[in-house]
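Asker: Build me a structure from this.
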Amino acid sequence: MLYIPNSSPIPFEEAQRLILSAIRPLPVITIPLSEALGYYLAETVRADHDVPMFDRSTVDGYALRAEDVINASASNPVKLKVLEEIPAGYLPQQKITQGTASRIMTGAPIPEGANAVVMVEKTENAAEDSESVLVYQSVKIGDAIAKKGQDVEEGKDVLTQGTLLGPIELGLLATFGIASVPVYAKPKVGILSTGSELLNVDEPIVPGKLRDSNGVMLAGQVSQAGGEPVYFGIAPDKVEELEKKMLEILQQVDILVTSGGVSMGEYDFLGKVFEKINAKVIFWKTLARPGMPVLCGVWQDKPIFALAGNPASSYVNAHLYVLPAIRYMSGSKDPLPKRVTVVCDEAIEGKQMPHTRFLRGLTYVSQTGELRVKISKKQASNVLSSFLESNCLVKVPGGKGFNAGEKAEVYLLGAVEELRQ
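Answerer: Next up, the predicted model:
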């Protein structure tokens, strides 16, 4: 008989904690820097040199002593002798002394004796002397100079273990010559839709049937979280076929996600399949809606998520439970969904139930710079289209509602709108 550790639905926060305590990050692999986008760094990277490694110019202009041009202006230019030209990638050969300057390019090292750079736009070649320059603007000490170590100091941590590698992070790794990067492997996530009522996307619709929308939707969520989705199609409501299919998939993936078949109906067979394949149940049913009947377990240390079949329920289940597991197994130190506090535009009616409700909503920045939220009109668990006008899930604790103007917590699904009225 299948052992279910929770005799009644558990809070969703406890479900998240149980999931993360039952799994572990995948092994560390080393990959080329050019392929590391979207992976989580497996080792802290420390700067082995200053960036920049020397004082350098941030503009094209003339390196000089600020005190020599303290009185320079458009009507009173200061004439300086030009010693040399310093392109980027070359070292200065001359020392700047009183009354001298060197032509310098962006990124080139500052010559000894110089303490500022004036932009070339504020200068002019002296007509009567080809070896001199007229400076039409005063500068302060340090102007247009990037100091040694200004970006990164030697010995400091550049990126810490568990950092998600984006374009900026890759640029920093390149700066320090890290051509091969230690990262956590990305989990391969098998996706199986269940239900004899389902059709493949390319099949013509017939009465009593519906096309499988959950499969491709869940694959998209998995990809956004950094996993590698593998869609295994549709399995009918037959215990033996489900058992065979799930065991085949589990041999090939790190995580298995199914949708449908987890309620208590006559054709909801996922619990029976868990028992047949000797999967250990972590929990079955949570105090969260939509998606209360979610079933989660492990088979040979591989997590299995049996999500509710209604599209909105499946989407919310994945956001709350599957995506944090993917991020955690990928090496993230902060795998849970991003949350912010907002102000409600309208009242949200409280309901006498212990379940936390997750309502679709649109979080936006008001004209006064305040984060606010509008509730989407359609909230039924079988409705998917209302996510098109939503970028968050508004968390409404059990038995509670919100007045207009009251603060609530939302789980972000996408970018926040700006200056919407």
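
Asker: Next, find the distance separating the spatially closest residue to Asp151 that is not a sequence neighbour from Glu154.
Answerer: With sequence-adjacent residues excluded and distances taken as C-beta to C-beta, 6 or more residues apart in numbering, Asp151 is closest to Val51, at 4.2 Å. All C-beta atoms are positioned from the backbone trio N, CA, C, and that covers glycine. Relative to Glu154, Val51 is positioned 9 Å away (criterion: C-beta to C-beta, to the nearest Å).

Asker: Counting neighbours, go ahead and name the busier of the two.
Answerer: In this comparison of Val51 against Glu154, neighbours counted by other C-beta atoms under 10 Å, the higher total goes to Val51 at 18 against 13.

Asker: and the gap between that one and Ser57?
Answerer: With distances taken as C-beta to C-beta, Val51 is found 15 Å from Ser57.

Asker: now do Thr356
Answerer: The spacing between Thr356 and Ser57, counted by C-beta to C-beta, is 57 Å.

Asker: Among those two, which residue is more densely surrounded?
Answerer: Relative neighbour count places Ser57 above the other of Thr356 and Ser57, with 26 against 19, counting by other C-beta under 10 Å.

Asker: Any buried residues in stretch 127-141, and which?
Answerer: For stretch 127-141, burial by neighbour count (16 or more other C-beta atoms under 10 Å) applies to Ser132, Val133, Leu134, Val135, Tyr136, Gln137, Ser138, Val139.

Asker: Could I get the average pLDDT for stretch 162-178?
Answerer: Averaged over stretch 162-178, pLDDT sits at 97.

Asker: Go through that stretch and flag the buried ones.
Answerer: Taking 16+ other C-beta under 10 Å as the basis for neighbour counts, the residues of stretch 162-178 that come out buried are Gly162, Thr163, Leu164, Leu165, Glu169, Leu170, Leu172, Leu173, Ile178.

Asker: now stretch 310-317
Answerer: In stretch 310-317, the ones that count as buried by 16+ other C-beta under 10 Å are Asn310, Pro311, Ala312, Ser313, Ser314, Tyr315, Val316, Asn317.

Asker: Same question for stretch 102-109.
Answerer: Within stretch 102-109, the residues that qualify as buried by neighbour count (16+ other C-beta under 10 Å) are Ser102, Arg103, Ile104, Met105, Gly107, Ala108, Pro109.

Asker: how about these in JSON lines, adding distance to Glu241, pLDDT and secondary structure?
Answerer: Below are these laid out as JSON lines (distance: C-beta to C-beta, whole Å; pLDDT from 0 to 100; DSSP: H, G, I helix; E, B strand; the rest coil):
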{"residue": "Ser102", "distance to Glu241": "79", "pLDDT": "98", "secondary structure": "strand"}
{"residue": "Arg103", "distance to Glu241": "78", "pLDDT": "97", "secondary structure": "strand"}
{"residue": "Ile104", "distance to Glu241": "74", "pLDDT": "98", "secondary structure": "strand"}
{"residue": "Met105", "distance to Glu241": "70", "pLDDT": "98", "secondary structure": "coil"}
{"residue": "Gly107", "distance to Glu241": "65", "pLDDT": "96", "secondary structure": "coil"}
{"residue": "Ala108", "distance to Glu241": "70", "pLDDT": "97", "secondary structure": "coil"}
{"residue": "Pro109", "distance to Glu241": "71", "pLDDT": "98", "secondary structure": "strand"}
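
Asker: Which member of those is positioned nearest Ser366?
Answerer: Within the set of the buried residues of stretch 102-109, Gly107 lies nearest Ser366; the separation is 42.8 Å, counting by C-beta to C-beta.

Asker: Is it correct that the closest one is in contact with Asp55?
Answerer: No: with contact defined as C-beta atoms under 8 Å, Gly107 does not reach Asp55; the gap is 11.4 Å.

Asker: Can you lay out the buried residues of stretch 102-109 as a markdown table showing distance to Pro92?
Answerer: Output for those, formatted as a markdown table (distance: C-beta to C-beta, whole Å):
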| residue | distance to Pro92 |
| --- | --- |
| Ser102 | 6 |
| Arg103 | 11 |
| Ile104 | 8 |
| Met105 | 12 |
| Gly107 | 13 |
| Ala108 | 8 |
| Pro109 | 6 |
